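[1] below: sequence and its predicted model.
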Amino acid sequence: MKKKVIQISPSELFKTFENESIGDSFIASDNLTALISDRKINSDILHFPFQANEIIMAVCIEGSLKVKLETGNFVLEKNGAWVVLPQRIFEIQEYTPDFKPIVFIMKQSFWNQNDSFLEVVKLQQYFFKENGIKLTEDMMNETITIYGLIKNKIEKKMPFSRQIIQQYINVLSYNVYALLQQQMQKTMDKQPTKEYVFEQFIRLVERYYRQQHGIEFYADRLHLTGKYLSALIRSASGKTAAEWIREYLIMEAKTLLKSGKMSIQQVSNELNFYDQSHFGVFFKKYVGCSPRAYQKCN
């Protein structure tokens, strides 16, 4: 039986971290207990899927945390940094008793507030492919120092605290970005395999399938022609790129229809179909029944 995904509500989140936040746009905390809806860390929160609506950046000071993502398992260890982008689902599987993180939580508007953050968009995209990165000792020490400075600004609530904190986050981001540039360059120096291209394609589909249904969008992102991408995907997986995109759309459509929270028109809009009629034709062609009939069946 599929487990219900627990949404991390922004209002509850910022209420929990009321004394560690700037308005309703940024949180800095090392209080893991408060992170999961103000509940104690115990077996009750293990193996439950959570979905964040904000950007979460976690840096591990001690211990380790094992997390299950849509794309596999990931272990956040000492001196490791991890970013969870909005709408990604994760499960906490296990953690060591000494696990201690620094956590920054922010709205997308806070992250991209200044032009200087444009380069960091690449950082976000990289973290969508790679689950995390190991920081050097110097970077780790600097991160802890900056965290202390941010906490000081939050506590004093002085004028321009928000703008100053944004610059601190900017410094942390560029530190990590410098490491990522080195890793990405090493990757670019190697001839990409069909398995590597398939992995990148699936990451992009997971992120954009609701808005982008055509293969050319994904081919452009991967700097390939649509024809060549299709051939690589079929060779690597046995399915065409279009079939993969379609499977994600159908799975999401079924989930939204069965949830009972959206009308068929709203589901059509959510999945970026031209109109409800086009959505209905698409759904019936690949599922075998109309969206309305699917909603009514057991």
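    It's in. Numbers count the residues shown, from 1 in each chain.

[2] where along the stretch 1-150 of the chain do the strands fall?
    6-8, 21-22, 26-29, 49-52, 55-62, 64-69, 72-77, 80-84, 89-95, 100-106, 132-134 (DSSP state E, counting those that start in this stretch).

[3] which stretch among those strands approaches Arg162 most closely?
    strand 21-22 (5.1 Å; CB to CB). (C-beta placed from N, C-alpha, C; glycine too.)

[4] that closest one - what's its average pLDDT?
    The average pLDDT within strand 21-22 is 84.

[5] now do stretch 53-65
    88.

[6] report the buried residues of it.
    Counting neighbours by 16 or more other CB atoms under 10 Å, one finds that the buried residues in stretch 53-65 are 54-61, 65.

[7] centroid-nearest residue for the chain?
    Leu85 (2.6 Å; CA atoms, centre = their mean).

[8] could you measure from the residue nearest to Glu137 when sequence neighbours are not counted over to Thr145?
    Leaving aside its chain neighbours, Glu137 sits nearest to Asn79 (7.2 Å; criterion: CB to CB, 6 or more residues apart in numbering). To Thr145, Asn79 is 15 Å away according to CB to CB, to the nearest Å.

[9] the two - which one has more neighbours?
    Asn79 (17 against 11; other CB atoms under 10 Å).

[10] for that one, give me its contacts.
    By CB atoms under 8 Å, 6 or more residues apart in numbering, the residues touching Asn79 are 60, 134-137, 140.

[11] most neighbours of all those residues, which one?
    Cys60 (23 neighbours).

[12] list the beta-bridge partners for that one.
    For Cys60, the beta-bridge partners are Pro101 (DSSP bridges).

[13] ok, Ile133 touching Val83?
    No: look at Ile133 against Val83 with CB atoms under 8 Å: they stay out of range, at 9.1 Å.

[14] looking at these two, which is more packed in?
    Taking other CB under 10 Å, Ile133 and Val83 do not tie; Val83 has more neighbours (22 against 19).

[15] okay, now the unreliable bits of the chain?
    Applying pLDDT under 70 to the chain flags residues 1-14, 32-48, 70-72, 111-131, 181, 183-192, 298.

[16] report the buried residues of the longest helix seen in it.
    Identified as the longest helix of the chain according to DSSP state H is helix 161-188. For helix 161-188, a neighbour-count test (16+ other CB under 10 Å) marks 161, 165-166, 168-170, 172-173, 175-177, 179-180 as buried.

[17] and whichever helix or strand comes after that helix, what other elements does it pack with?
    Counting by DSSP states H and E, the next helix or strand C-terminal to helix 161-188 is helix 194-208. Packing partners of helix 194-208 (3 or more CB pairs under 8 Å, 6 or more residues apart in numbering; DSSP states H and E): helix 120-129, helix 215-221, helix 226-237, helix 241-259.

[18] among those helices, which is nearest Ala28?
    helix 120-129 (17.5 Å).

[19] the closest residue to Ser109 other than its chain neighbours and Lys107: what is the separation?
    Closest residue to Ser109 apart from its sequence neighbours, by CB to CB, 6+ apart: Ser25 at 6.7 Å. Distance, Ser25 to Lys107, by CB to CB: 5 Å.

[20] also Gly214?
    30 Å.

[21] so for those two, which sits in the more crowded spot?
    Taking other CB under 10 Å, Gly214 and Lys107 do not tie; Lys107 has more neighbours (19 against 12).

[22] in contact with the more buried one, which residues?
    10, 24-26, 54-55.

[23] if we use 6 Å, what do you get?
    25, 54 (CB atoms under 6 Å, 6 or more residues apart in numbering).

[24] and for Glu20?
    Taking CB under 6 Å, 6+ apart as the test, what Glu20 contacts is 27-29.

[25] over to Lys151?
    Ala28.

[26] try it again with 8 Å
    Contacts of Lys151 by CB under 8 Å, 6+ apart are 20, 28.

[27] now swap in Phe74 and tell me
    66-68, 82, 131-132.

[28] that concludes my questions; thank you for your assistance.
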